[in-house]
Each structure stands twice: as C-alpha cells, then as structure tokens.
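Novice: quick one, structure for this:
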Amino acid sequence: MTTLALAPMLIGLIAVGALVAILAIMMISIYNRLVALNMNFKNSFAQIDVQLKRRYDLIPNLVETAKGYLAHERGTLEAVIAARNQAAAGLKAAAAHPGDAASMAGLASAEGALSGALGRLMVVAEAYPDLKANQNMMQLTEELTSTENKISFARQAYNDAVMRFNTYRRSFPPVMFAGVFGYSQDAGLLEFADKAAIQDAPKVKF
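Specialist: Predicted structure coming up:
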C-alpha cells in the first residue's frame, strides 16, 4: 500500500483510539465520583452513630435515677429499656451497612419506638415534683436534649449526602455504569414517619 492509501486507515485508528481513551477517562471519572459520594454519606452516618450511642448511654442512667421515684411505674421504665435495647440493635445493623434501605428503615422504626417510650416516661415524671427537682435528673435530661439536637443535625447531613449520591447515580452518563461499578441501588434515607421521631422527639424539661 502507498502512504496515501494508509492515511485514511491511520486516521481511523487514531479516531478509535481517541474515543476509547475518552471513554476510559469518563468511566474512571464516574467511578471516582461514585466512590467519593458513597464514602461521604457513610462518613455522615458515622456521626449519627456516635450521637445515637451517646443517647443510648444516657438512657439507663435516666431510668435508674427515675426508678427511685417511680416505684409504681415499673412497666414504663422497663418499656424504655426494652426500646433502648431494640434501637441499639437497629443501629448496629445499620452501621454494618450504611445506606442500606432496609437497615435505615429498621433503625428509623426502632428510634421512633424509643422516642415514644421516652415521651411516656416524661409524661409520668411530670406528676412527681421531687423527681423533676432532682439534680441528676435535670442534668441527664439536659444532656439528652442536647444529644437529640446533634442527632437531628447529623441526620440532615447524612440525608443531604445520600441525596447527592442518588442524584449523581441516576444522572446520565453515570446511570449507564453505576451498576457495573457495584452501585446499582440508591442509598436509603434515614427518615422518620412517626412524629415521635428524633427530630420531633419529646422535649425533656424539668
């Protein structure tokens, strides 16, 4: 073949090579972005994990303090501890798979039940002035309220990070490659259908 005859073939090979390189660069960019967004919402969930564990640590002390005053409300106190333990189990499952929709729903349900149980305890405690005036009880409830606020902020940060991941994963062209890279499903939001959930938790005031 002459040089002139080879020229179109060479140009075609260069064009194909350029397209392959562009596609490879695009896929690498999409993969890196998906990984970064995935790590972002997982790191955000880690903050929720820290604050919820703090909440769970405070609750037994709260119940122990109230026990001396609420001798006839054993069922209410036991319900709080049972709900606390269930929520702790839900958090453990969610922490093992941050973003998993089923795990997030399980944690949300458990937290709603815990907040409801705490709310009932606080209603009962209102009838005991000595308990309301107890210094340890006041300190614990103040710490609980502060922790509730931190959980709310951490949950919002997590949900924002999840929305960024889901939006990017669904967009074009990432949606074409997300499944190949192991990101075939949206991450789950941490939402609370029950009004007794964390962001609207009963305010503990003494």
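
Novice: how close does the residue positioned nearest the centre of the chain sit to residue 97?
Specialist: Nearest to the mean C-alpha position of the chain, by Cα atoms, centre = their mean, lies residue 45 at 4.4 Å. In this view, residue 45 and residue 97 are 10 Å apart by Cβ to Cβ, to the nearest Å. C-betas here are computed from N, CA, C, even on glycine.

Novice: tell me the pLDDT at the residue nearest to the centre of the chain?
Specialist: At residue 45, the pLDDT value in this model is 97.

Novice: kindly report the same for residue 124.
Specialist: Predicted confidence (pLDDT) for residue 124: 90.

Novice: pLDDT below threshold where in the protein?
Specialist: Applying pLDDT under 70 to the chain flags residues 1-6, 193-206.

Novice: where is the longest helix in it?
Specialist: helix 3-67 (DSSP state H).

Novice: how far off centre is the next helix or strand after it?
Specialist: Counting by DSSP states H and E, the next helix or strand C-terminal to helix 3-67 is helix 74-96. Relative to its parent chain, helix 74-96 has a centroid offset of 17 Å by Cα atoms, centre = their mean, to the nearest Å.

Novice: ok, now stretch 130-137?
Specialist: Using Cα atoms, centre = their mean, the distance between the centre of stretch 130-137 and that of its chain works out at 33 Å.

Novice: mind listing what's buried in it?
Specialist: 131, 132, 134, 137 (16 or more other Cβ atoms under 10 Å).

Novice: any idea which of those residues is the one closest to residue 111?
Specialist: Residue 111 has its nearest neighbour among those in residue 137, at 22.4 Å by Cβ to Cβ.

Novice: can you tell me the element that closest one falls in?
Specialist: helix 135-170.

Novice: got the buried residues for that helix?
Specialist: 137-138, 140-141, 143-144, 147-148, 150-152, 154-155, 157-159, 161-162, 165-166, 168-169.

Novice: next, count neighbours for the residue nearest to residue 113 when sequence neighbours are not counted.
Specialist: Distances taken as Cβ to Cβ, 6 or more residues apart in numbering place residue 83 nearest to residue 113, at 4.9 Å, with adjacent residues excluded. Residues near residue 83, counting by other Cβ atoms under 10 Å, number 21.

Novice: ok, residue 36 next?
Specialist: 12.

Novice: look up how far residue 161 lies from it.
Specialist: On the measure of Cβ to Cβ, residue 36 and residue 161 end up 11 Å apart.

Novice: and if you look at residue 150?
Specialist: Taking Cβ to Cβ, one finds residue 150 at 17 Å from residue 161.

Novice: over to residue 50?
Specialist: Counting by Cβ to Cβ - residue 50 and residue 161 are separated by 16 Å.

Novice: thinking again about what came up before, adding distance to residue 13, write the buried residues of stretch 130-137 out as a markdown table.
Specialist: Shown next, in a markdown table, are those (distance: Cβ to Cβ, whole Å):
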| residue | distance to residue 13 |
| --- | --- |
| 131 | 83 |
| 132 | 83 |
| 134 | 83 |
| 137 | 79 |
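
Novice: for these, which one is nearest residue 112?
Specialist: residue 137 (24.0 Å).
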